[in-house]
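A.B. asks: model the following, please.
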Amino acid sequence: MTLFDLNDLKNILNSKTFQNIGYLPRWIIFFIDVFIVSLACGITYVIVDSLNVHYASRLAILSQNALIVLINAILFYYFKTYAGILRHSTFIDGVKLLIATSTAYFVLVVINYSYQIIFNVKIFLTTGLFITYVITFLLLFLFRILVKNIFEIYLRTEDRRKLVKAVIYGADANAISVANALKTENPSRFNVVAFVDKFKQNNTSKSILDLPILNQNKSIHVILRSVNAQVLIITEKSLSKEELVDIVEECLEYNLKVFTVPLITNWEDERQISHQLKNFAIEDLLNRKPIQLDFKTISSQIKGKTILITGAAGSIGSEIVRQIINFEPLHVLILDQAESPLHSLYLETEAFSDKIKIKTILADVTDYSAMEAVFERYKPDFIYHAAAYKHVPLMEENPSQAILTNVMGTKNLADLSIKYFAEKFVFISTDKAVNPSSVMGASKRIAEKYVQSLNNHLQKNKTNTTTKFITTRFGNVLGSNGSVVPLFSKQINEGGPITVTHPEIIRYFMTIPEACQLVLEAGAMGKGGEIFIFDMGEPIKIIDLAKKMIRLAGFIPDKEIEIKIIGLRPGEKLFEELLNDTSKTLPTHNTKILISQDVYEDFDTLSVAVKDLFLSSTKLSNNDIVSKMKKIVPEFSSMNSVFEKLDIKN
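C.D. replies: Numbers count the residues shown, from 1 in each chain. Model (predicted):
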């Protein structure tokens, strides 16, 4: 918008003029400010004239005032004092006005005394200039305060019943800023009716912004009901994770909405504060203690090294890339066969290319020649192997592809790691590999066995290779491509129903960053041959997860959003395990990581079976492929009605 856009005059001369006055064209604000300077000159003339003060000047009083107005107008334009929206005027706007009017006063004083030196007479009465300067600033400032207050009064007197009543949990500067931001928000969403202070229990006689401070001597839902509020906005940053989760879950149980806002750093921009208000995500409700990582050990191993991450465009692989970068490796190789997601990751990491060499590689881990070309050229020190097919029902339909990617892809990378003397190979597995009930889980278990037996074979035969093979095993990851969370979010956005396979199905969950942090920690502490299992916390019923997500979205389960039970999918079981029946665990220095003690397979026997499986996967029927998988993994008990009757003797 230009300063003098006459078309804007039409926009304010309509039926909604008053409602939109906060967005007056800047040229109107500019002329109002100029008029205020003229008014200040007139007031100064009256004051000086009433004191019977007379002084000689070569300019008439109108010419003097015109010069004062002109100098102020030029400086208003230069400092853009007219650019702010009146109803959102802040301290910064006041500072701009002070600088502009002070500079105008200084310029006029310089002109006045320069003229006196040359012509031996002043243009202005110096005292009159100062009075004009003070009155100008005060009128300009008061004008903005007046407009802002008028709007606040207008907003307070409009039909507040249409707004959702909200209580702010917190009573510090952060809470006050949020309350002010919500008061001036346009369009308004919330009517803040009270504050809750967790630290002071006797604040009944005190208030903030003319709003009461409620005592936290009752449950949160009772406090909100007492003031007829439907929303709790949490600004208190001293709450522990447990306290926060308790408050949120209590509100969800009583169908109360909960919002939070990050720590405010820009105290002036109230519009930005209100925009940052956000719903809780399901990840925020995982009541898990923060992970304490051994950053020193991880950094000492990774810094200055070449790191290869396969499946780098996936949810787990991409997060490993982000976290690896923080440890200052020399070279990061991000490899995936998915072109568009890989390109997106490259654009995200491009900002780090000045300090770290980042190479994007579009390739398939099942292509041995392509993988060898990568190893031969870059000779990676660490390999984090996250590439895999992981959708259980899809792999039930396509077991040959599960063998190719999950088994042979892992074998290719493991063999090349030995050939090119990589330091560590970290294989990312899944809890579905434990007593597998699906083709996907069985394929990951075969890959686990191959990596473990290979490491054991190398150690027993005391070969000159230095590669250490480490396996990490964990459950479902919230927000990953294979997680139910994105599916549930999509179904909620579409109005439901949410589809749950079984009312009793349970899963372990952790967040993507948490899982990747533990992968890095396990990779750093691994000596070779271990299967590290992660503390996944308490298992969660999928139906309970669905209900929480519905409530977090502001709906009522089974009333506004239906939950539909559709039955277990092929290969799916009610609960996942982290250990085989015969396995035992050993602790590590990190309480969230345990070592599974599994029985090692004979490498030569397993290697022959894996090669036979690979050769058969492109020729045999699905039934024959699954039969061969059951020979390698006897504990594989298929939950797919097509495969469950197969005997390993077949």
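A.B. asks: all helices for the stretch 51-200 of the chain, in order.
C.D. replies: Residue ranges of the helices in the stretch 51-200 of the chain, as given by DSSP state H, counting those that start in this stretch, are 61-79, 91-119, 126-157, 173-184.
A.B. asks: and the first one, what does it pack against?
C.D. replies: Secondary structure elements in contact with helix 61-79, counted by 3 or more C-beta pairs under 8 Å, 6 or more residues apart in numbering; DSSP states H and E, are helix 26-50, helix 91-119, helix 126-157. Backbone N, C-alpha and C define where each C-beta goes, glycine included.
A.B. asks: please identify the buried residues of it?
C.D. replies: 64, 65, 67, 68, 69, 71, 72, 73, 75, 76, 79 (16 or more other C-beta atoms under 10 Å).
A.B. asks: among the helices and strands packed on helix 61-79, which is nearest residue 315?
C.D. replies: Nearest of the helices and strands packed on helix 61-79 to residue 315, taken as C-beta to C-beta: helix 91-119 at 41.1 Å.
A.B. asks: give me the mean pLDDT for the closest one.
C.D. replies: Mean pLDDT, computed over helix 91-119, is 87.
A.B. asks: got the angle between that helix and helix 61-79?
C.D. replies: 130 degrees (axes from the mean of the first three to the mean of the last three C-alpha atoms, to 10 degrees).
A.B. asks: and helix 91-119, how far from the chain's centre?
C.D. replies: 48 Å (C-alpha atoms, centre = their mean, to the nearest Å).
A.B. asks: just want the angle from that helix to helix 126-157.
C.D. replies: 160 degrees.
A.B. asks: which stretches of the stretch 501-650 of the chain form strands?
C.D. replies: Counting by DSSP state E, counting those that start in this stretch, the stretch 501-650 of the chain has strands at residues 506-507, 509-511, 531-534, 540-541, 563-565, 584-587, 593-597.
A.B. asks: for residue 633, find the nearest of those strands.
C.D. replies: Nearest to residue 633 among the strands of the stretch 501-650 of the chain is strand 531-534 (14.5 Å), distances taken as C-beta to C-beta.
A.B. asks: circling back: dump the helices and strands packed on helix 61-79 to JSON lines, plus mean neighbour count and distance to residue 591.
C.D. replies: Output for these, formatted as JSON lines (neighbours: other C-beta atoms under 10 Å; distance: least, C-beta to C-beta, whole Å):
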{"stretch": "helix 26-50", "mean neighbour count": "17", "distance to residue 591": "60"}
{"stretch": "helix 91-119", "mean neighbour count": "16", "distance to residue 591": "48"}
{"stretch": "helix 126-157", "mean neighbour count": "17", "distance to residue 591": "52"}
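A.B. asks: what sits closest to residue 197 if chain neighbours are left out?
C.D. replies: Closest residue to residue 197 apart from its sequence neighbours, by C-beta to C-beta, 6 or more residues apart in numbering: residue 171 at 3.9 Å.
A.B. asks: what about the closest residue to residue 525 other than its chain neighbours, neighbour count?
C.D. replies: Closest residue in space to residue 525, ignoring its immediate chain neighbours: residue 588 at 6.2 Å, by C-beta to C-beta, 6+ apart. Neighbour count for residue 588, taken as other C-beta atoms under 10 Å: 16.
A.B. asks: could you number the chain from 740 rather than 1 from now on?
C.D. replies: In the new numbering, first residue 740, that becomes residue 1327.
A.B. asks: please report the distance of residue 1327 from residue 1274.
C.D. replies: Plainly put, residue 1327 is 11 Å away from residue 1274 if you go by C-beta to C-beta, to the nearest Å.
A.B. asks: right, and residue 1294 touches residue 1301 too?
C.D. replies: No: when contacts are counted by C-beta atoms under 8 Å, residue 1294 is not listed as touching residue 1301 (10.3 Å).
A.B. asks: if we can go back for a sec, just flag the most distant two among the buried residues of helix 800-818.
C.D. replies: 803 and 818 (23.0 Å).
A.B. asks: tell me the mean pLDDT over stretch 1163-1171?
C.D. replies: For stretch 1163-1171, the mean pLDDT works out to 91.
A.B. asks: now residue 1121: how far from residue 1161?
C.D. replies: Residue 1121 is 7 Å from residue 1161, where distance means C-beta to C-beta.
A.B. asks: now residue 1047
C.D. replies: Remark: distance between residue 1047 and residue 1161 (C-beta to C-beta) = 8 Å.
A.B. asks: same check, this time on residue 996
C.D. replies: The value you get for residue 996 to residue 1161, if C-beta to C-beta is used, is 51 Å.
A.B. asks: these two: which has the busier surroundings?
C.D. replies: A count of neighbours by other C-beta under 10 Å puts residue 1161 above the other of residue 996 and residue 1161, at 24 against 20.
A.B. asks: distance of the residue nearest to that one when sequence neighbours are not counted relative to residue 969?
C.D. replies: Leaving aside its sequence neighbours, residue 1161 sits nearest to residue 1206 (C-beta to C-beta, 6+ apart; 5.1 Å). Computed as C-beta to C-beta, the residue 1206 to residue 969 distance reads 59 Å.
A.B. asks: so those two - more neighbours on which side?
C.D. replies: For residue 1206 and residue 969, the more surrounded residue by other C-beta under 10 Å is residue 1206, and the numbers stand at 21 against 17.
A.B. asks: buried sites along stretch 1109-1129?
C.D. replies: In stretch 1109-1129, counting by 16+ other C-beta under 10 Å, buried: 1109-1110, 1113-1114, 1117, 1119-1129.
A.B. asks: residues that sit against both of residue 1327 and residue 1274, list them.
C.D. replies: Shared contacts of residue 1327 and residue 1274 (C-beta atoms under 8 Å, 6 or more residues apart in numbering): residue 1333.
A.B. asks: right, and residue 998 touches residue 969 too?
C.D. replies: No: contact between residue 998 and residue 969 fails when scored by C-beta under 8 Å: they sit 11.3 Å apart.
A.B. asks: please enumerate the helices of the stretch 1040-1189 of the chain.
C.D. replies: So, for the stretch 1040-1189 of the chain - with DSSP H, counting those that start in this stretch - the helices run 1054-1064, 1078-1088, 1107-1117, 1131-1136, 1138-1141, 1148-1158, 1178-1199.
A.B. asks: deepest of the ones you listed, which one?
C.D. replies: Counting by mean count of other C-beta atoms under 10 Å, helix 1178-1199 has the highest mean neighbour count of the helices of the stretch 1040-1189 of the chain, with a mean of 24.
A.B. asks: determine the set of other helices and strands touching the helix or strand that it is followed by.
C.D. replies: Proceeding N to C from helix 1178-1199, the next assigned helix or strand is strand 1207-1213, under DSSP states H and E. Using 3+ C-beta pairs under 8 Å, 6+ apart, the elements in contact with strand 1207-1213 are strand 1163-1169, helix 1178-1199, helix 1251-1264, strand 1270-1273.
A.B. asks: pLDDT (mean, whole number) over strand 1207-1213?
C.D. replies: Rounded mean pLDDT across strand 1207-1213 is 89.
A.B. asks: helix 1251-1264 and that one, what's the angle between them?
C.D. replies: Using the same axes, to 10 degrees: strand 1207-1213 against helix 1251-1264 is 150 degrees.
A.B. asks: residues of strand 1207-1213 that come out buried?
C.D. replies: Across strand 1207-1213, burial judged by 16+ other C-beta under 10 Å covers 1207, 1208, 1209, 1210, 1211, 1212, 1213.
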